[in-house]
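Enquirer: A structural model of the following input is requested.
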Amino acid sequence: MVRGVSDGRIVKLAIVLFMAIGLAACSKNSKTANLTGNATPGSVQDFQVNVGNRVLYTVDSSELTAEGRSILDNQAKWLKLYDKYQVTIEGHADERGTREYNLALGARRATTTRNYLVSQGIPASRLNTISFGKERPESVCDAESCWAQNRRTITAIAGGSS
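Expert: Next up, the predicted model:
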């Protein structure tokens, strides 16, 4: 036993080291491991994890923020590089407001996202839009932290899930 270290702590340390070595070995042998993380370049997972498929909006707005434009710039670069994919842009809203209002707001957000991608050189023929309004919340609670996650668009690549 190491001086000042209990048997329990040694066992925990050994378990942590064993798990770390196992994870390192798995990632080296994985067919999908690469420099961009654990997603194969050009895959739906690559788009979701390394590019970002969500753009957030402020309350009652369909205007892009600087962060939203940055995410869409990255999406446009990826979509130009991997031009085999069709895209559906989903518009979402938080739970406040009527169903009809939120469907319209989600549609405006999806259209804003679509128009921005078109302005960045993505052919409109590759982009479809749909609004879910408040019907598919990302987070459910009665607080701004949840509502903020629900005010979004999701750029869904054909063959992938949102």
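Enquirer: every contact and neighbour count from this point should use C-alpha atoms.
Expert: Fine.
Enquirer: now residue 131, what's its secondary structure?
Expert: Secondary structure for residue 131, judged by DSSP: H, G, I helix; E, B strand; the rest coil, is strand.
Enquirer: against residue 108, how distant is it?
Expert: Note on residue 131: its distance to residue 108, by C-alpha to C-alpha, to the nearest Å, is 8 Å.
Enquirer: identify the contacts common to those two.
Expert: Residues touching both residue 131 and residue 108 by C-alpha atoms under 8 Å, 6 or more residues apart in numbering: residue 91.
Enquirer: how about the nearest residue to residue 156, chain neighbours excluded?
Expert: residue 88 (5.2 Å; C-alpha to C-alpha, 6 or more residues apart in numbering).
Enquirer: looking at this, that neighbour is in a helix?
Expert: No. Under three-state DSSP, residue 88 sits outside any helix and is assigned strand.
Enquirer: that one contacts residue 125, doesn't it?
Expert: No. Contact criterion C-alpha atoms under 8 Å: residue 88 and residue 125 do not qualify, at 10.9 Å.
Enquirer: who's more crowded, the two?
Expert: Neighbour totals were compared for residue 88 and residue 125, and residue 88 leads with 18 against 9 (other C-alpha atoms under 10 Å).
Enquirer: now do the contacts for that one.
Expert: Going by C-alpha under 8 Å, 6+ apart, residue 88 touches 127, 128, 129, 130, 155, 156, 157, 158.
Enquirer: going through those residues, which ones are buried?
Expert: 127, 128, 129, 130, 155, 156, 157 (16 or more other C-alpha atoms under 10 Å).
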